[in-house]
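Novice: what follows is a predicted structure for the sequence shown.
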Amino acid sequence: MADQQPIIIKKIKKGGHVHHGGAWKLAYADFVTAMMAFFLLMWLLGTTTETERKGIAEYFHDPFASSTENRGADVGDRTSIIQAGGSDITSQDQGQVDKGMTAEEKEMSTEDIEHKAEAIEMEKLEDLKEKIQHKIELTPELTEYKDQIKLEITSEGLRILIVDAKNRPMYKLASAETEPQIKLILRALASAINELPNRISLNGHTDALPFPPNQKKYTNWELSSDRANAARYELTQGGLAEEKILRVIGLSSSVAYNADTEPLDPINRRISIIVMNKKTEQEIVHSVGDDTNTETAPLQ
C-alpha cells in the first residue's frame with residue numbers, strides 16, 4: 001500500500017473587529033482646538049475696539065518690543081506691569097472698590113457721605129413710623145389705645161411714647177406690674193422695631209406725686225427704672241432681640257411730657273422707646289467709655 005499524504009485541515013477563526021488605531025482621536029482634538037481658536041478670535045473681534053486690536057496684533061507680532069518700547073496708545077495702558085494690548089491689570093483692584101459707585105459718589109467728601117447715610121437712615125425710620133401707624137389702625141386691639149401711643153421723629157431717631165390716660169394706666173398704681181394693655185402694645189411693637197438694625201433706648205417716667213415715706217426708701221426714681229425694665233422684658237417677649245437694647249433708665253418726674261403739662265398730669269407717666277439713629281447710638285456708647293471696651297449688655 002502506497003504511503004498516503006497527510007490531510008491538513010485549516011480552520012479560519014471568525015470574530016473580533018480589526019483595530020483601527022487612535023488616529024481619529026487626534027484629528028478630532030485638532031478640529032475642536034481649531035474651533036475654539038476660531039470662536040475666541042470672533043469674540044475678540046466683537047468685544048474690542050480698533051485701538052485694542054492693533055495693540056493685541058502688535059504684541060503677538062513682537063512681544064518683547066511692545067513691552068519695552070513706548071509705541072503710543074495702540075499698545076495699551078503704560079501703567080500696567082506688561083505694557084501691551086488689553087486693559088490695565090492694576091485697574092482690577094480699583095474696580096472692586098468702585099463697583100456700584102456712580103461718578104457723583106466717587107467725588108463726594110466724607111462729610112457728604114455721612115449726610116447721605118443719615119438721610120437714608122432717616123427714610124428708614126420714617127418708613128418704620130408709617131408701618132407702626134398702619135399696624136395700629138388695622139389692629140382692633142391696638143386701635144383702642146391709639147391715643148396713648150404717640151410717634152414722632154426727633155434728632156435722636158424715632159420716639160415711641162406709651163402714655164397713661166386718666167382711666168387707663170399702663171401699670172398698676174405705684175407699681176412696676178404691667179397692665180394687660182401695655183403688654184399687648186409692647187409685644188405688637190417688638191416685631192416691627194426688630195426689622196431695623198438700630199438699637200433702642202428705654203426711658204421710664206413718672207408724674208410728680210411723691211411716694212410716702214417707707215422703710216425701703218423706694219421713690220419715683222426706682223419706680224421709673226423698674227417700669228422701664230418691665231417694658232424691656234415685654235419687648236423681648238414679643239421678639240425684640242436682646243442685643244438691640246442699649247440703655248434702660250428711669251428719669252422719675254425730672255422730664256415732663258412738655259412744658260405746658262401739669263406735674264401731676266397722668267400723661268407724664270409714660271414709657272419712651274427711642275429707635276436711635278447711628279449718631280445718637282455712638283454718642284451714648286462714647287459717653288460711657290471707649291467703644292472697644294463697652295459691653296453690649298443693657299445699661300440699667
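Specialist: Structure's in. What do you need?

Novice: confirm residue 162 sits in a strand?
Specialist: Yes - counting by DSSP: H, G, I helix; E, B strand; the rest coil, residue 162 is located in a strand.

Novice: so which strand or helix has the closest residue to it other than its chain neighbours?
Specialist: In this structure, residue 162 finds its nearest non-sequential neighbour in residue 271, 4.7 Å apart by C-beta to C-beta, 6 or more residues apart in numbering. The C-beta positions use only the backbone N, C-alpha and C, and glycine is treated the same way. Residue 271 is part of strand 270-276, with elements assigned from DSSP states H and E.

Novice: still on that earlier bit, burial of the residue nearest to residue 162, as a residue count?
Specialist: 27 (other C-beta atoms under 10 Å).

Novice: thought it was touching residue 159?
Specialist: No - if you go by C-beta atoms under 8 Å, residue 271 and residue 159 don't touch, sitting 10.9 Å apart.

Novice: buried ones in the helix or strand harbouring residue 53?
Specialist: Residue 53 is located in helix 50-61, with elements delineated by DSSP H and E. Buried residues in helix 50-61, defined by neighbour count with 16 or more other C-beta atoms under 10 Å: 52, 54, 55, 56, 58, 59.

Novice: distance of residue 253 relative to residue 209?
Specialist: From residue 253 across to residue 209, the span is 8 Å (C-beta to C-beta, to the nearest Å).

Novice: how about residue 30?
Specialist: 98 Å.

Novice: for those two, indicate the residue with more neighbours.
Specialist: Each of residue 30 and residue 209 has its neighbours counted (other C-beta under 10 Å); residue 209 has more, 13 against 10.

Novice: now the more buried one, nearest residue through space, not along the chain?
Specialist: residue 264 (5.7 Å).

Novice: is the one you found in contact with residue 210, as I believe?
Specialist: No - counting by C-beta under 8 Å, residue 264 stays clear of residue 210, with 10.6 Å between them.

Novice: for the longest helix seen in the chain, packing partners?
Specialist: When the chain is scanned for its longest helix (criterion: DSSP state H), the result is helix 110-138. Judged by 3 or more C-beta pairs under 8 Å, 6 or more residues apart in numbering; DSSP states H and E, the packing partners of helix 110-138 are helix 140-143, strand 149-154, strand 157-163, helix 180-193, helix 278-287.

Novice: same thing but 6 Å
Specialist: Secondary-structure packing of helix 110-138 (3 or more C-beta pairs under 6 Å, 6 or more residues apart in numbering; DSSP states H and E): strand 157-163.

Novice: the strand it packs on relative to strand 149-154, how many degrees between them?
Specialist: Here the directions of strand 157-163 and strand 149-154 differ by 150 degrees (axes from the mean of the first three to the mean of the last three C-alpha atoms, to 10 degrees).

Novice: tabulate the CA atom coordinates of strand 157-163 in PDB.
Specialist: C-alpha atoms of strand 157-163 as PDB (Å, rounded to 0.1, in the frame of the first residue of the first chain):
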ATOM      1  CA  GLY A 157     -34.400 108.900  66.000                       C
ATOM      2  CA  LEU A 158     -37.900 107.500  66.200                       C
ATOM      3  CA  ARG A 159     -39.500 108.100  69.600                       C
ATOM      4  CA  ILE A 160     -42.500 105.900  70.600                       C
ATOM      5  CA  LEU A 161     -44.300 107.100  73.600                       C
ATOM      6  CA  ILE A 162     -46.800 105.000  75.500                       C
ATOM      7  CA  VAL A 163     -48.600 107.300  78.000                       C
END
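
Novice: adjacent strands (with direction) for that strand?
Specialist: strand 149-154 (antiparallel), strand 270-276 (antiparallel) (DSSP bridges).

Novice: next, the buried residues of stretch 119-135.
Specialist: Those buried within stretch 119-135 under the rule 16+ other C-beta under 10 Å are 121, 124, 125, 128, 129, 132.

Novice: tell me the centre residue of this protein?
Specialist: What sits nearest the mean C-alpha location of the chain, by C-alpha atoms, centre = their mean, is residue 197, with 7.8 Å.

Novice: let me know the secondary structure of that one.
Specialist: Under three-state DSSP, residue 197 comes out as coil.

Novice: state the pLDDT value of it.
Specialist: Confidence at residue 197, expressed as pLDDT, is 91.

Novice: look up how far residue 215 lies from it.
Specialist: 45 Å.

Novice: same question for residue 138.
Specialist: According to C-beta to C-beta, residue 138 and residue 215 sit 48 Å apart.

Novice: so where is this structure shaky, pLDDT-wise?
Specialist: 1-5, 9-21, 63-109, 289-300 (pLDDT under 70).

Novice: how does it look with 90?
Specialist: 1-32, 37-119, 139-141, 165-168, 173-174, 195, 210-217, 258-261, 286-300 (pLDDT under 90).
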